[in-house]
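for reference, the sequence and a predicted model appear below.
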Amino acid sequence: MDSTVNTTDDHVTMFDWTQTVFDYGDAPTPDDDPNSQEFNSHVVPTLYSLVFTFGLLGNALVVLILILFKKLKSMTDIYLLNLAISDLLFIVSLPFWAYAVGNEWVFGNTMCKILSAAYDTGFYSGSFFIILLTIDRYLAIVHAVFAMKARTAVYGMLSSGFTWVLALFASVPTLMFSTVQKRKEGWRCSLLMQEKSALKELLVFMRFILGLVIPWLIMVFCYVQILMILMKNRNDKKLKAVRLIFVIMVVYFIFWVPYNVTLLLVTYQQPCTRDCYDHVGLAIQVTETIAMTHCCINPVIYAFVGEKFRKYLSVLFRKCTVFCRCILCLGVGHPSLERSFSSMSTSEHDISTGL
């Protein structure tokens, strides 16, 4: 570990936006609070391990279904694929954060920067792709004629590429300022900034506005227009097309708003008492953990809300079963793998309403 790394006694969590907010002085840090220690030592590693397992499996299935069955023919499919990739950014980093929160950061400064930037890129890209999915539904229902020309796979890929560039650009400050530092509780990966610095406050404010406020305003406008159209001309097919994206949007905000609101309040609050510090530290840890678990939720939404997803998932499992049987039966005179798979072909027709 680099011996020139600065040292301080500030509190830090897995990827701690709050580590430079407080000047504790001689007061105990939130890590001295028994509730925080219990939460970090037992709850977080266990929860993140479960989220990693189910999130990786669920999002991998989403990617497979979109590529193998949907063939990425529509703008909606492309956005859903990129949303799954956004979730995978969180998932691949979870084992590192889970180990670090229960022990200390042992993965080096380069991994600290990469994983911290991936954290922010995943947050921004997830928010941006939900915006694009909402706009996609808005165009399909409110401007149906124009949507026939605009909602193509080519435009979907171009807008997705631009979105990733924007998300990467927004995460550049995190990449620059994240570093491994020596804390009272061990080595930690965190942001290295001045106490109450203007840049620190600007980054938190940008995160709140760019990642939540602007997306929320766009989504409210789009869904108000969509609901007005659906109320005038009730159409069950259009209603189903909107329902999936609407649920994804609502769940995303339920998981991410508490953490970002807490982060904003903590950043701009005045110094408080020891009890206040303890509660603030635990609030940050709990809300951040809730936000990080969101990366395994979307596949669950698809399974319960997306009828086509359940059908494709069933076909995929049947094909995997046939594949395994054929591997076991090769050379014993059983039907070939190719004929077995062709017999399992589905007559499902792709539709432009997502999963």
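Perfect, I can see it now. Note that this is a predicted model, so its numbers are computed, not measured.

all helices for the stretch 1-150 of the chain, in order.
Assigned helices in the stretch 1-150 of the chain, in chain order: 34-38, 44-65, 75-102, 108-142, 144-150 (criterion: DSSP state H, counting those that start in this stretch).

with distance to Met228 added, can I get these in JSON lines?
Where you see a C-beta, it was placed from the backbone N, CA and C, and this is true even at glycine. Below are these laid out as JSON lines (distance: least, C-beta to C-beta, whole Å):
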{"stretch": "helix 34-38", "distance to Met228": "48"}
{"stretch": "helix 44-65", "distance to Met228": "31"}
{"stretch": "helix 75-102", "distance to Met228": "21"}
{"stretch": "helix 108-142", "distance to Met228": "8"}
{"stretch": "helix 144-150", "distance to Met228": "14"}
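
which one of those helices lies closest to Leu217?
Leu217 lies closest, by C-beta to C-beta, to one member of these: helix 108-142, at 10.0 Å.

wait, is Lys182 part of a strand?
Yes: according to DSSP: H, G, I helix; E, B strand; the rest coil, Lys182 belongs to a strand.

how close does it get to Lys200?
Distance, Lys182 to Lys200, by C-beta to C-beta, to the nearest Å: 20 Å.

ok, Leu244 next?
38 Å.

same thing with His42?
31 Å.

ditto for Arg137
37 Å.

ditto for Ile114
From Ile114 to Lys200 the distance is 21 Å (C-beta to C-beta).

Ala140 too?
Using C-beta to C-beta, Ala140 is found at 41 Å from Lys200.

can you list the weak-confidence ranges in this protein?
1-41, 193-197, 235-236, 241, 269-279, 281, 330-355 (pLDDT under 70).

what segments of it are strands?
178-183, 186-191 (DSSP state E).

how about the last one: buried residues?
Buried positions in strand 186-191, judged by neighbour count with 16 or more other C-beta atoms under 10 Å: 187-191.

repeat that for stretch 289-299.
289, 291-299.

other residues contacting that stretch?
Under the contact criterion C-beta atoms under 8 Å, 6 or more residues apart in numbering, stretch 289-299 has outside partners 14, 43-44, 47-48, 51, 54-55, 58-59, 61-62, 83-84, 87-88, 90-91, 94, 97, 122, 126, 248, 251-252, 255-256, 258-260.

re the thing from before, what about Ile114 and Lys200, which has more around it?
Comparing Ile114 with Lys200 by other C-beta atoms under 10 Å, the one with more neighbours is Lys200, at 21 against 16.

would you confirm that the more buried one contacts Leu263?
No: the pair Lys200 / Leu263 is not scored as a contact, 11.1 Å apart, by C-beta atoms under 8 Å.

hmm, Ala144 and Ile229 touching each other?
No: if you go by C-beta under 8 Å, Ile229 and Ala144 don't touch, sitting 9.2 Å apart.
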